[in-house]
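> Need the 3D shape of this:
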Amino acid sequence: MKFSRIISFFLLFVTATYSYAQEGIPVYFDYLSDNYYLVYPSMAGVGKGGKIRLTARKQWFDVEKAPALQTLNGHMRVGEKSGVGVILFNDRNGYHSQSGMKFTYAHHITLSQYRDGVNQLSFGVNVGFMQSRLDESEFTSTIPDPIISGTNTTSNYYNVDVGMSYNFLEFYAHVAVKNLLGNSRDLYSAEEIDNLRRYLFSIGYVFGQQQWQFEPSVLFQFSEYTQETAVDFNAKVYREMNFGKIWGGLSYRRSFEGAEYASGAGSGTQKLQLITPIVGVNINKFMFSYNYSYQTGDVRFDNGGFHQITLGYDFLQGKERYKCKCPAVNY
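Just a heads-up that it's a prediction; the model follows:
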């Protein structure tokens, strides 16, 4: 294989997932399937009931050891002002994998009773326990390399996420700091990067009060150590039905920084660009959604995309709901 192709494949593998320099759960697009709690701890128990969400993501079905992610989370309201939740996840990317759990507590402050709708300021914290693994058992070399152990190495550690949310009728805004603590994993070397903090911010609004609603939103994320930034532009449409609700949308992610790559014609720079359509349905207490992410650009590992499905169940709903078209709060 030519050196230029090696560089190209490496570039793609890094930019396609946007999970480099990340610890914990990568931020994909499942938050759009009524799963903001997976990103923002302050959304635990934000409504008057509880939610359970199970997700599975798979990339490049014809590539061995391709990235794959599974998550299971549940959260609920406890009393008038508190919410609790738990997240389990398993993330695999080539010979590296990580798994763990996060426990969440959120505190909700009702600012006023406006139009019998939600007007709530929320604060949340995750305490996460994780294990990273590096499988070098299949690495072989004719010349012994002291850096390669040839074993399956693991490292256990913990970290903390904090977040804040504001929900006012059909408007919402969220902010979070992921991996607030600096904890070295000591998995790859003795001097490992321990600053893996990420900053996230979302804002959105739901238009329409009848059978149709339209929801534009934006999510911004920034990695402190690598100085990398990316933004998601999202648009969703909801249609009220007799049996529940159907909805669909489109997301466009773009990074601000480009990566250089070599080709036969010279070199170039490519920024991460992902286009993700998403569809879903809510039937009574159950929810199902599917999204498909496709990477654009000249350098791609495969012509296929990244598939993700979400199964959900809402519980302890009760008959009283906030009088607003606010899908992330009302169940």
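
> Where does pLDDT dip in this protein?
1-23, 61-62, 137-151, 182-195, 258-268, 297-304, 318-320, 331 (pLDDT under 70).

> What segments of it are strands?
Using DSSP state E, the strands assigned to the chain run over residues 50-59, 68-78, 82-93, 96-110, 119-135, 152-168, 171-178, 198-205, 212-223, 228-240, 244-263, 266-283, 286-295, 306-315.

> Could I get these in CSV, plus columns for distance to residue 322 and mean neighbour count?
The way it works is simple: take the backbone N, C-alpha and C, and place the C-beta from them, glycine included. Shown next, in CSV, are those (distance: least, Cβ to Cβ, whole Å; neighbours: other Cβ atoms under 10 Å):
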stretch, distance to residue 322, mean neighbour count
strand 50-59, 15, 20
strand 68-78, 12, 19
strand 82-93, 15, 19
strand 96-110, 11, 19
strand 119-135, 9, 19
strand 152-168, 9, 18
strand 171-178, 12, 20
strand 198-205, 15, 18
strand 212-223, 15, 18
strand 228-240, 16, 17
strand 244-263, 16, 16
strand 266-283, 16, 16
strand 286-295, 18, 19
strand 306-315, 14, 18
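
> Which of those strands sits closest to residue 38?
Evaluated with Cβ to Cβ, these place strand 68-78 nearest to residue 38, the distance being 5.8 Å.

> Kindly spell out which helices and strands sit in contact with that closest one.
Here strand 68-78 touches strand 50-59, strand 82-93, strand 96-110, going by 3 or more Cβ pairs under 8 Å, 6 or more residues apart in numbering; DSSP states H and E.

> could those go into CSV alongside distance to residue 67?
What follows is those, written out as CSV (distance: least, Cβ to Cβ, whole Å):
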stretch, distance to residue 67
strand 50-59, 5
strand 82-93, 5
strand 96-110, 10
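
> Residue 30 - how many residues pack around it?
Per other Cβ atoms under 10 Å, the neighbour tally for residue 30 reads 25.

> Ok, which of the strands of the chain comes nearest residue 323?
When these are compared by Cβ to Cβ, strand 119-135 sits nearest residue 323, at 11.6 Å.

> just checking, what packs against the closest one?
Using 3+ Cβ pairs under 8 Å, 6+ apart: strand 119-135 touches strand 82-93, strand 96-110, strand 152-168.

> want to throw these into JSON lines with distance to residue 129?
Converted to JSON lines, the helices and strands packed on strand 119-135 look like this (distance: least, Cβ to Cβ, whole Å):
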{"stretch": "strand 82-93", "distance to residue 129": "11"}
{"stretch": "strand 96-110", "distance to residue 129": "6"}
{"stretch": "strand 152-168", "distance to residue 129": "5"}
